[in-house]
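In: Generate coordinates for the sequence data below:
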Amino acid sequence: MLDHKNKKWLLAYTKPGSEVEAQKNLTNQGFMTLLPMISKSSINDSHPSQVKPMFPRYIFISVHLYKEDWNKINSTVGVSNLITFGNKLSFVPREAIQKICSYLDHNDICHLKDIKKEHKKGEKVEINKSIFKNLNARFLTKTSKNRVLVLMSILNQDIKTEIPFNHIEDSISSETFKLIDKK
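Out: Numbering: from 1, shown residues only. This next block holds a predicted model:
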């Protein structure tokens, strides 16, 4: 096995809904991958758990830049492209990977409970249904028993909109994203 100190974590953008296929094909080529998943179940377990990628359309790949042919990643079935800045590869800090892994079980799944809690004004939420699915927003207030007012940023415009309460869920900790953004 290669020395982990000389390995770097890359981030690949996958084709829509092809994260698992990309992981399988990359693993078959000998790459070490990380595809963190989220399992979300209701508090009373009345609905079956949903398992979905923690970062839709993204997969992490550990490579030794000088000993592995990482160029073939872009032509792997299920992968759209490696994330780069200009012509330079973008590396994910090891600390970010460790932070993500701290949330995962041995199957790379993070288990969340869909707890109907009281959101605080300004709290980050993710819209999980409707035309705004996967859009991040800020919780403003509860307008009725089943509806909430959120603030979304669309095309550099802040827009307030009222949506059903069950259309929002907590966003993943911003700490995780801060680690990924660090260079």
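In: Pick out the residue closest to the middle of this structure.
Out: When the chain is reduced to its mean C-alpha position, the nearest residue by C-alpha atoms, centre = their mean turns out to be residue 55, at 1.7 Å.
In: Make sure it is actually in contact with residue 34.
Out: No: using C-beta atoms under 8 Å, residue 55 is not in contact with residue 34, being 10.0 Å away. Glycine gets a C-beta too; all of them are placed from N, C-alpha and C.
In: so how far is residue 97 from residue 66?
Out: Using C-beta to C-beta, to the nearest Å, one obtains 20 Å as the distance from residue 66 to residue 97.
In: So which of the two has more stuff around it?
Out: Here residue 66 and residue 97 are set side by side on neighbour count (other C-beta atoms under 10 Å), and the busier one is residue 97, at 17 against 7.
In: Give the full set of residues in contact with the more buried one.
Out: For residue 97, the contacting residues are 9, 34, 60, taking C-beta atoms under 8 Å, 6 or more residues apart in numbering as the criterion.
In: Which one (most neighbours) among these?
Out: Ranked by neighbour count (other C-beta under 10 Å), the contacts of residue 97 have residue 60 at the top, with 21 neighbours.
In: list the helices and strands the helix or strand containing it packs on?
Out: Residue 60 is part of strand 58-63 when elements are defined by DSSP states H and E. Other elements packing on strand 58-63 under the criterion 3 or more C-beta pairs under 8 Å, 6 or more residues apart in numbering; DSSP states H and E are strand 8-14, helix 19-28, strand 32-34.
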